[in-house]
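In: Sequence first, predicted model second:
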Amino acid sequence: MTEKMAGKFYKRVLLAVIMMISLMITGCAGMEVSTGADKSVTSGQRSGSDLKVHFIDVGQGDSALIEKDGHYMLIDAGERDQGQTVVSYLKNQGVETLDYVIGTHPHSDHIGGLETVIRAFPVEKIIMPQKAHTTKLYEHLLDTIEEKKLKITLPEPGAVYELGGASFQILGPDRDYGDDLNNWSVGIRLDYGSNSFVLCGDAEKGAEEDMMANGLSLKADVLKLSHHGSSTSSSGQFLDRVNPEYAVISCGKNNDYGHPHKETLEALKKRNIKAFRTDQSGTIVAVSDGSKVTFPGQNIKDENVSHTENEKNASQTGEYVINTNTKKFHLPDCSLAASIKADNKKISEETRDELIQMGYEPCKSCKP
Ligand SMILES: [Zn+2]
Ligand SMILES: [Zn+2]
């Protein structure tokens with residue numbers, strides 16, 4: 001066993017011991033305060049820290065850092081002059097090693113900053129599509145990959161990789177797209193608990209069709225719009241298949257391409273998909289606890305959302321599932337509501353305010 005391997009082995013043993021101890025502690029606590037029913041359903045499904053997806057503001061381009069349990073993946077790094085911005089951002093987040101780097105496709109607004117990143121951090125696995133490109137920038141990147149003794153892993157649709165307690169599946173590219181560089185984009189679906197994110201670089205409508213045909217699940221809470229919100233991507237059919245609650249658009253202020261395109265924004269609006277844009281908000285961070293995605297610090301201005309929330313708060317009755325044992329109430333579709341024992345489960349006839357007056361607490365997961 002080498003020293004490095006032995007170190008890894010002891011780390012794993014230590015982790016296992018810590019996990020056992022914390023399981024024992026939460027097990028006991030669960031019995032004392034009798035919230036065991038609520039917890040049982042999530043064990044094995046969610047564990048460890050929150051999943052964070054950072055959509056880093058790199059102007060006109062893409063760069064996303066994904067973080068779970070101290071493991072990190074970087075997808076793209078903007079133009080070459082953004083490399084240092086990305087490196088500084090990663091250092092601020094405490095990144096020391098990148099478990100994965102994905103260079104979605106050989107366009108400079110995606111792989112431009114990667115050389116700087118690969119020189120700054122050890123990288124365990126680099127995933128790039130099998131599409132050669134003859135720009136100096138791309139050749140420099142390949143030279144750096146070779147210099148660092150890294151081997152490019154080709155994306156195979158369906159392949160699944162672990163990132164701490166989360167995982168991601170390769171969705172594309174599905175075939176040879178000739179010189180359509182955008183369609184060669186590596187697409188992934190990132191999963192944690194019941195939450196998913198879909199990110200597909202600059203994949204256009206043709207590649208979207210292939211991803212819809214290949215049988216892999218595309219359903220996600222958050223879709224990073226492909227090609228910076230261009231109307232050449234995000235077909236209505238694709239949006240319906242992903243059926244996201246949120247969209248993130250990575251683009252530069254007043255960019256030369258008019259991204260995001262009006263047609264795309266209208267298609268989102270029609271479907272009640274709330275959009276966040278790096279040209280308006282700067283870096284955007286999405287946080288998933290395994291059952292709910294939030295965007296801390298982002299203003300959700302969507303009028304439809306606040307309207308339905310007000311309605312819900314004021315007048316709905318018979319819409320909550322209450323646990324008479326834990327004194328918590330849930331939305332009917334909350335996964336925790338499903339785990340309540342039949343003896344303790346009741347459908348409320350009271351409004352939200354009445355339940356609170358009666359001493360019931362809204363569930364922290366579904367936030368009724
Ligand atoms: Zn591109
Ligand atoms: Zn691009």
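Out: That came through, no problem. A quick note: this is a predicted structure, and the numbers were derived from the prediction, not measured. Residues are numbered from 1 along each chain as shown. Ligands and ions are numbered 1, 2, ... in the order given.
In: For Glu96, list the residues it contacts.
Out: Taking C-beta atoms under 8 Å, 6 or more residues apart in numbering, we find Glu96 in contact with Phe121, Pro122. Bear in mind the C-beta positions are built from the backbone N, C-alpha and C, glycine included.
In: how about the residue in the stretch 151-300 of the chain that ligand 1 sits nearest to, secondary structure?
Out: Nearest residue of the stretch 151-300 of the chain to ligand 1: Asp202, at 3.5 Å (C-beta to the ion). Here Asp202 is coil, with the state taken from DSSP: H, G, I helix; E, B strand; the rest coil.
In: residues in the stretch 101-250 of the chain within reach of ligand 1, list them.
Out: Selection of the stretch 101-250 of the chain residues close to ligand 1 by C-beta under 5 Å from the ion yields His107, Asn182, Asp202.
In: hmm, 8 Å instead?
Out: Within the stretch 101-250 of the chain, the positions lying close to ligand 1 (C-beta under 8 Å from the ion) are Thr104, His105, His107, Asp109, His110, Leu181, Asn182, Ser185, Gly201, Asp202, His227.
In: what about the first one, which helix or strand?
Out: Think Thr104. Thr104 is part of no helix or strand when elements are defined by DSSP states H and E.
In: same deal with the one 5 residues further on?
Out: Using DSSP H and E, the secondary-structure element containing Asp109 is helix 108-111.
In: for the closest residue to Lys91 other than its chain neighbours, what are its contacts?
Out: In this structure, Lys91 finds its nearest non-sequential neighbour in Ala120, 7.9 Å apart by C-beta to C-beta, 6 or more residues apart in numbering. Shown in contact with Ala120 (C-beta under 8 Å, 6+ apart): Val87, Leu90, Lys91.
In: cool, and Gly70?
Out: Counting by C-beta under 8 Å, 6+ apart, Gly70 has contacts Ser49, Gly164.
In: Which ChimeraX command selects the buried ones in the contacts of Ala120?
Out: A single ChimeraX command is used to select the members of these judged buried by 16 or more other C-beta atoms under 10 Å:
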select :87,90
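In: Helices along the stretch 151-300 of the chain, start to end?
Out: Ranges of helices in the stretch 151-300 of the chain, per DSSP state H, counting those that start in this stretch, are 205-213, 236-242, 262-270, 278-281.
In: got those as JSON lines, with mean neighbour count columns?
Out: As requested, these are arranged in JSON lines below (neighbours: other C-beta atoms under 10 Å):
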{"stretch": "helix 205-213", "mean neighbour count": "19"}
{"stretch": "helix 236-242", "mean neighbour count": "17"}
{"stretch": "helix 262-270", "mean neighbour count": "16"}
{"stretch": "helix 278-281", "mean neighbour count": "18"}
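In: This completes my enquiry, with thanks.
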